[in-house]
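> task: produce atomic coordinates for the following.
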Amino acid sequence: MRKSELRRRWTDHTALAELLSNVVEFLERGRLELALDLRGAEIGIDPLAEFRLLGMDYSGLDMSFGRGALIVHGGSVTDLNAEGFQFDRASHLMKTAMRDCSFAGSRGRFGASDVTFLRCDFSRSEFRGGFNDYGFTRCTFQNCQLTDAVWSNGYFKACRFLNCSLVGARFHKALVSGVRLSGVREWQSLLVDCDVRSLYLNEVQIVHGNRAV
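Numbers count the residues shown, from 1 in each chain. From the prediction side, this is the model:
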């Protein structure tokens, strides 16, 4: 189904009741027999204005090719498909674990703090931080795919990248402080026009103090 068709479903009053029928149960229980289908939906406005994942373990959610604000605080999220999702600046992830989630081809900006991304796919994603307004603090990316990802104008503070695929990835004009890269050999083509304060490569500190790269 095309992206335009996925989004058009949410303007069809006949289809809307069926699309929303499992939302309340998902938010209360954290899972359904099948993945909750929010493909093409706009999160954060009616009828999904109160869609937030708070303090529970959630599993099985497809919000691919949608847009809006994804808010996750506490608990964990497994098997989230946010492929091609357009993140609104109100999006925020805090003190949570994201496991086996796809953000491939996603766009936009969000803030993340104390988040573990495990086996997540960020391939071809574009993160636009808005200079120092949005970024990642105390986040861990482990066994993640960031192939051809372009993340710019954000920050990485006390973050770790462990055994991630970074082929073709580029962090552009970012503030990098206390970042650890493990399982990576080349880093200068990864960090482009960045303000690097502290960087560890395979547990060896290679940058200390301000350095533009």
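
> would you map the helices across this protein?
Ranges of helices in the chain, per DSSP state H, are 3-8, 13-20, 23-29.

> so where is this structure shaky, pLDDT-wise?
131, 207-213 (pLDDT under 70).

> rerun that using 90 as the cut-off
Along the chain, the parts satisfying pLDDT under 90 run over 1-21, 45-47, 129-133, 183-189, 201-213.

> picking up where we left off before, out of the helices of the chain, nearest to residue 117?
helix 23-29 (21.7 Å; C-beta to C-beta). The way it works is simple: take the backbone N, C-alpha and C, and place the C-beta from them, glycine included.

> and the closest one, what does it pack against?
Here helix 23-29 touches no other helix or strand, going by 3 or more C-beta pairs under 8 Å, 6 or more residues apart in numbering; DSSP states H and E.

> what residues sit buried inside it?
Neighbour-count burial for helix 23-29 flags 23, 26, 27 (criterion: 16 or more other C-beta atoms under 10 Å).

> not counting sequence-adjacent ones, nearest residue to the last one?
To tie it back to what came earlier, the one meant is residue 27. Spatially, and ignoring its direct neighbours in sequence, residue 27 is nearest to residue 51 (7.3 Å; C-beta to C-beta, 6 or more residues apart in numbering).

> could you do residue 94 as well?
Distances taken as C-beta to C-beta, 6+ apart place residue 73 nearest to residue 94, at 4.8 Å, with adjacent residues excluded.

> what about the one you found, neighbour count?
13 (other C-beta atoms under 10 Å).

> that one reaches residue 112, doesn't it?
No. Using C-beta atoms under 8 Å, residue 73 makes no contact with residue 112, being 11.2 Å away.

> now the common contact residues for these two.
Common contact partners of residue 73 and residue 112 (C-beta atoms under 8 Å, 6 or more residues apart in numbering): 92, 93, 94.

> tell me the spacing between the second one and residue 140.
As judged by C-beta to C-beta, to the nearest Å, residue 93 and residue 140 stand 12 Å apart.

> returning to what we had before: looking at the helices of the chain, which is closest to residue 199?
Set against residue 199 and scored by C-beta to C-beta, the helices of the chain come closest in helix 3-8, at 38.1 Å.

> buried ones in the closest one?
6, 7.

> what's that helix in contact with?
Against helix 3-8 from outside (C-beta under 8 Å, 6+ apart): 39, 40, 41, 42, 64, 65, 66, 84.

> just the ones of those residues in strands?
Members of the contacts of helix 3-8 lying in strands (criterion: DSSP state E): residue 42.

> so how far is stretch 47-61 from its chain's centroid?
Here the centre of stretch 47-61 is set off from its chain's centre by 15 Å, with C-alpha atoms, centre = their mean, to the nearest Å.

> try stretch 24-33
22 Å.

> endpoints of it, how far apart?
End-to-end distance of stretch 24-33 (C-alpha to C-alpha, to the nearest Å): 14 Å.

> coming back round to it: among the helices of the chain, which is nearest residue 126?
Closest to residue 126 of these, according to C-beta to C-beta: helix 3-8, at 16.2 Å.

> okay, which residue is most central for this structure?
In the chain, the residue lying closest to the centroid (C-alpha atoms, centre = their mean) is residue 103, at 5.8 Å.

> can you tell me how far that residue is from residue 80?
Distance from residue 103 to residue 80, by C-beta to C-beta: 8 Å.

> try residue 178
On the measure of C-beta to C-beta, residue 178 and residue 80 end up 27 Å apart.
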